[in-house]
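K.L.:
Could you look at this predicted model? Sequence included:
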Amino acid sequence: PSLPTRSNTSWPFETLFDVNEITCEPKPLLGTSFEWQDPATLVVQTRKGVKWNDGKPFSAKDVEFTFNMLKEVPAFDSQGLWQKLESVTADSDSQVTFKFKEPAVPTFNQIVEGVPIVPEHIWSKQSDPEKFTNPDAVGTGPFKVKSFNPQQLILERNPTYWDADKIRVKQLKFIKPTGSAEVEKLQLARGEFDWAAMFMPDVEKTYVAKDPEHNKYWFASGGNISLYMNLTKAPFNDVEFRRALTYAINKDEIAEKAQYGYVQTASQTGLTYSLHDEWTAPDIENKGYIPYDPEEAKRILAEAGYRTGSDGKLLGKDGKPIAFTFKVQSGWLDWIQAAQIIQKNLKALGIDMNVQTSNPDVISEDQAAGNFDMTFGVFGGDCNIYQSYFGPFHSKQTAPIGKPAPTNVIRWQDEETDRLLDELIKAQDEEQQKELVYGLERMMMEKVPVVPLWYGAKWFEYRTEKAVGWTSEDNPYAGSGDHFEIIKHLRPNPEYRGG
């Protein structure tokens, strides 16, 4: 198949496990089984008989080497794993032990599927690993490099892969991005890509209708696209103002108009219910879905002491009209339209919100530094509930204004939130975990640190002309990001007569 900008690093290399996005079950790759000996000690059994694609044998010592290289080269430790790890040691050729500084059960996903394992016999010879380009991409994965030039990368099936019998795709071709989203959408519509992840306006008309027999898509629910506010500024530092916003914004209109009906509106709890339905606090009404009710928003604001001036402008506690800027990424047309809907909704309350578009990288920097009033942010949407709440809401993840915050860019600092998260990371019993998650849901409902708006779609387009067996809404055996699971299900379309 031909692919556009999809990452290629997942094909020549493998992690220990692949956590299925739909079932949240870990699928064995280089790891075959695991056990938590205690909340701070994880033991993983590694697969025997595996070879690197240069013919050398793989062992647990390669796992030990890979993780310790992250410690030696902090630039490689993008997840900050060594803030939690104490040691990683190969006890034998087929067993590795991870010891943590404190209980770290929720770190499991980051450990087992967040770190591609590399060969010690290649990387240990590099005097400067950061500058090593790894031209041969020696890995244990199902594909290896066939050819590369500035325009395309071609990967071919690895015949010595330990699970090669399940790999029926002979070749993957990655095409260099054109730099123009519109051009790439046309390429997709013309059938030039077999697998893509793009936002397509009116996908039925612009993509499916071009070849209804073969052009397919599935936009599953992902993370919470949310209203992020700078909580160090008024009026966002007032919980009643934030609570009013949960009723003031027409989430259904955003889902239908800005997102073309592809998505579902989000729960204020922060949970993604396609994954976490059984984790809903029983005392939260309607699973935390808050309806559009501008009159209720006005009532909350009035009771909180906000008054409307003679000109219809809503006045802050200082008596001045409330006005602020909403920063949104330029070129992200669906987000821009969503911001304009919010602008209209808030104008109805007498709030003047200016929509300002900027380069996405600039906005990321501004968010980290706290240089914003209001913006969109994304959290959650995966199997790890702890990480979903820890990143945006634990005080360890924030920083003073002007300094980069790792993930808590809204500057939320709340002792109860920290306590719940600190207990959740230690909890091994599911009932205890649920009670703590219920507490985090109540925090979201009562204190409103952010306002979830809609579940961002996991863009996934695919063509069945050459290959069949894709995961889909009708047969969701894997998520669109479960590359290994998908590739092992694909098989040639017997009706294909092309080259």
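P.N.:
Looks like it came in fine.

K.L.:
Could you check how many residues crowd around Lys71?
P.N.:
Using other Cβ atoms under 10 Å, Lys71 has 14 neighbouring residues. Placement of C-beta: from N, CA and C, glycine included.

K.L.:
now swap in Ser78 and tell me
P.N.:
Around Ser78 there are 10 other residues, counting by other Cβ under 10 Å.

K.L.:
swap in Asn359?
P.N.:
Other residues lying near Asn359 total 11 when counted by other Cβ under 10 Å.

K.L.:
For it, which non-adjacent residue is closest in space?
P.N.:
Ser330 (6.1 Å; Cβ to Cβ, 6 or more residues apart in numbering).

K.L.:
burial count for that neighbour?
P.N.:
Ser330: 14 neighbours (other Cβ under 10 Å).

K.L.:
cool, and Ser388?
P.N.:
24.

K.L.:
Now that it has come up, it's in contact with His394, right?
P.N.:
No - counting by Cβ atoms under 8 Å, Ser388 sits too far from His394 to count as a contact (11.3 Å).

K.L.:
Go through this protein and flag its longest strand.
P.N.:
Ordering each strand of the chain by length in residues (DSSP state E) puts strand 220-229 first.

K.L.:
residues making contact with the helix or strand following it?
P.N.:
Following strand 220-229 in sequence order, the next helix or strand is helix 239-248 (DSSP states H and E). The contact list for helix 239-248 (Cβ atoms under 8 Å, 6 or more residues apart in numbering) reads 227, 229, 235-236, 268, 290-294, 296-298, 300-301, 303-304, 306, 345-346, 348-349, 446-449, 451.

K.L.:
Return the subset of the residues you listed lying in strands.
P.N.:
Those of the contacts of helix 239-248 lying in strands (DSSP E): Leu227, Met229, Val451.

K.L.:
residue contacts, the closest residue in space to Ser92 that isn't next to it in sequence?
P.N.:
Counting by Cβ to Cβ, 6+ apart, Ala60 is the residue found nearest to Ser92 once chain neighbours are left out, at 6.5 Å. By Cβ under 8 Å, 6+ apart, Ala60 lies in contact with Val44, Thr46, Ala90, Asp91, Ser92, Asp93, Ser94, Gln95, Val96.

K.L.:
Check which residues of the one helix or strand Gly456 maps to are buried.
P.N.:
Assigned by DSSP H and E, Gly456 belongs to strand 451-458. Going by neighbour count (16 or more other Cβ atoms under 10 Å), the buried part of strand 451-458 is Val451, Pro452, Leu453, Trp454, Tyr455, Gly456, Ala457, Lys458.

K.L.:
contacting residues for the last one?
P.N.:
Residues in contact with Lys458 (Cβ under 8 Å, 6+ apart) are Ala197, Phe219, Ala220, Ser221, Gly222, Gly479, Ser480, Gly481.

K.L.:
make it 10 Å
P.N.:
By Cβ atoms under 10 Å, 6 or more residues apart in numbering, Lys458 lies in contact with Glu21, Ala197, Trp218, Phe219, Ala220, Ser221, Gly222, Gly223, Gly381, Gly479, Ser480, Gly481.

K.L.:
Pro119 touches Val50, doesn't it?
P.N.:
No - taking contacts as Cβ atoms under 10 Å, Pro119 lies outside contact range of Val50: 11.0 Å.

K.L.:
what about Ile410, how many neighbours?
P.N.:
Ile410: 25 neighbours (other Cβ under 10 Å).

K.L.:
Distance check, it against Ser364.
P.N.:
Using Cβ to Cβ, to the nearest Å, one gets 14 Å for the distance from Ile410 to Ser364.

K.L.:
about what we covered before: which one of the buried residues of strand 451-458 is nearest to Asp165?
P.N.:
Closest to Asp165 out of the buried residues of strand 451-458 is Lys458 (28.9 Å), distances taken as Cβ to Cβ.

K.L.:
how about the nearest residue to Tyr289, chain neighbours excluded?
P.N.:
Ser267 (5.4 Å).

K.L.:
Over to Leu172?
P.N.:
Counting by Cβ to Cβ, 6+ apart, the residue nearest Leu172 is Leu155, at 4.5 Å.

K.L.:
again with Ala196
P.N.:
That would be Glu461: by Cβ to Cβ, 6+ apart, it lies 4.6 Å from Ala196.

K.L.:
The one you found reaches Glu192, doesn't it?
P.N.:
No - in this structure, Glu461 is not within contact of Glu192 by Cβ under 10 Å, at 11.7 Å.

K.L.:
out of those two, which sits in the busier spot?
P.N.:
Ranked by neighbour count (other Cβ under 10 Å), Glu461 and Glu192 place Glu461 first, with 24 against 14.

K.L.:
which residues does that one form a beta bridge with?
P.N.:
Ala196, Tyr217 (DSSP bridges).

K.L.:
OK, contacts around it?
P.N.:
Counting by Cβ under 10 Å, 6+ apart, Glu461 touches 4, 185, 188-189, 193-198, 200, 203, 207-208, 215-219, 480.

K.L.:
how about the helices in the stretch 301-450 of the chain?
P.N.:
According to DSSP state H, counting those that start in this stretch, the stretch 301-450 of the chain carries its helices in the segments 333-347, 360-369, 385-393, 415-424, 430-447.
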